[in-house]
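Asker: sequence plus predicted model, see below.
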Amino acid sequence: MTTSATDHQPAPAARESALIPVGVLGARGRMGTEVVKAVNDAEDLELVAMVDDGDWLFNVADAGAQVVVDFTRPDVVMDNIRFCIDNNIHCVVGTTGFDEARLATVAEWLEPKPEVGVVIAPNFGIGAILLMRFAQEAARFFPSVEIVELHHPDKVDAPSGTAVRTARLVASARRAAGLPASPDATTDSLPGARGADVEGVPVHAVRLTGLVAHQEVLLGAAGESLTLRHDSYDRASFMPGVLLAVREITRRPGLTVGIESFLGL
Ligand SMILES: NC(=O)C1=CN([C@@H]2O[C@H](COP(=O)(O)OP(=O)(O)OC[C@H]3O[C@@H](n4cnc5c(N)ncnc54)[C@H](OP(=O)(O)O)[C@@H]3O)[C@@H](O)[C@H]2O)C=CC1
Ligand SMILES: O=C(O)C1=N[C@H](C(=O)O)C[C@H](O)C1
């Protein structure tokens, strides 16, 4: 096909050098503030809109955002994603609170928009992603497994999205290996003492001043245990993953869960 001057297509060189216009939702929050800094520092990205609670969501569309990064709250994130999809804006979502039903809803919204990409990742930290992968690998070798997640006390959801995803991945690996339930003789306990049950994996949530985001997966077998631990000491730890997702999502239409595939995992 030939092109003419009236096609309004940028020349290939211009297209390659164009900055990706990015909007940030939750821009005044703990993660949003860090994302704003990271986008401003990235040479190939341009921050075009910052939206927080009470701001006009249409700002991101009016500003021409090609990608929106959402670090808001589980109770508002679905409306934000719907808005972005309707306005043909790709979404990088770090906000937690996604179960299978929510993921299915987002996939349904994307059906009439085959060019739009949404990535929903419970954790953008490379170490945390590797921990999930290692836990999944180790799961079939150990009869017992429990997860402990530890976070700052301002976190509104428990257990963390990362812990829930880790538990599901571990549970799936155990099922595939034909493992029975972890042994547990408890018949008498205070409510909550054995943690939340996520597909048979106990998940314990600690909230402690001074912490940021931490997780341990404890695996036990006769006479030995394996402890996998990851620590995010600073929210800067999430930024390489967030920036990778912003760059990748422009060429990854549809719904992606987790950034493992962007990392070649
Ligand atoms: N995937 C990952 O790697 C990570 C995910 N997270 C997740 O990200 C989310 C945010 O965490 P964090 O930054 O610590 O939380 P914060 O509470 O610090 O930030 C959320 C921000 O979003 C604002 N907000 C609320 N409603 C809206 C709305 N409708 N539109 C735009 N902004 C809104 C909040 O305002 P107000 O305070 O007034 O409500 C607040 O400023 C959580 O779900 C958390 O679990 C966190 C770290 C890493
Ligand atoms: O709220 C947080 O801080 C975090 N939330 C995410 C989660 O719930 O897994 C990711 C990380 O643990 C930090």
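Answerer: In hand now; what should we look at? Ligands and ions are numbered 1, 2, ... in the order given.

Asker: so residue 138 makes contact with residue 224?
Answerer: No. Applying Cβ atoms under 8 Å as the test, residue 138 and residue 224 come out as separate, 11.8 Å apart. C-beta here means a position set from N, CA and C on the backbone, and glycine is covered the same way.

Asker: please say which of these two ends up with more neighbours.
Answerer: Taking neighbours as other Cβ atoms under 10 Å, residue 138 and residue 224 compare with residue 138 leading, 16 against 8.

Asker: who's in contact with that one?
Answerer: Counting by Cβ atoms under 8 Å, 6 or more residues apart in numbering, residue 138 touches 217, 219, 226, 228.

Asker: what's the helix or strand for it?
Answerer: helix 126-138 (DSSP states H and E).

Asker: quick check: buried residues in that helix?
Answerer: By 16 or more other Cβ atoms under 10 Å, the buried positions in helix 126-138 come out as 126, 128-129, 131-132, 135-136, 138.

Asker: give me the number of residues near the spatially closest residue to residue 139 that is not a sequence neighbour?
Answerer: Excluding the flanking residues, the one nearest residue 139 by Cβ to Cβ, 6 or more residues apart in numbering is residue 173, at 3.9 Å. Other residues within reach of residue 173 by the criterion other Cβ under 10 Å amount to 18.

Asker: state the distance from residue 173 to residue 47.
Answerer: Remark: distance between residue 173 and residue 47 (Cβ to Cβ, to the nearest Å) = 40 Å.

Asker: got the phi and psi for the residue nearest to residue 128 when sequence neighbours are not counted?
Answerer: Spatial nearest neighbour of residue 128, chain neighbours left out: residue 230 (4.9 Å); criterion: Cβ to Cβ, 6+ apart. Here is the backbone geometry of residue 230 (degrees, to the nearest 10): phi -130, psi 140.

Asker: point out the residues in the stretch 101-250 of the chain that sit beside ligand 2.
Answerer: 122-123, 151, 155, 160-162, 213 (Cβ under 6 Å from any ligand atom).

Asker: kindly indicate which of the buried residues of helix 126-138 lies nearest residue 189.
Answerer: Among the buried residues of helix 126-138, residue 135 lies closest to residue 189 (Cβ to Cβ), at 24.9 Å.

Asker: so the nearest residue to the closest one once chain neighbours are set aside, which state does it fall into?
Answerer: The spatially closest residue to residue 135, leaving aside those adjacent along the chain, is residue 217, at 4.3 Å (Cβ to Cβ, 6+ apart). Here residue 217 is recorded as strand under DSSP: H, G, I helix; E, B strand; the rest coil.

Asker: residue 217 against residue 228, yeah?
Answerer: Yes. Between residue 217 and residue 228 there is a contact under Cβ under 8 Å: 4.5 Å.

Asker: which of the two has more neighbours?
Answerer: Shown here are residue 217 and residue 228; by other Cβ under 10 Å, residue 217 has more neighbours (27 against 18).
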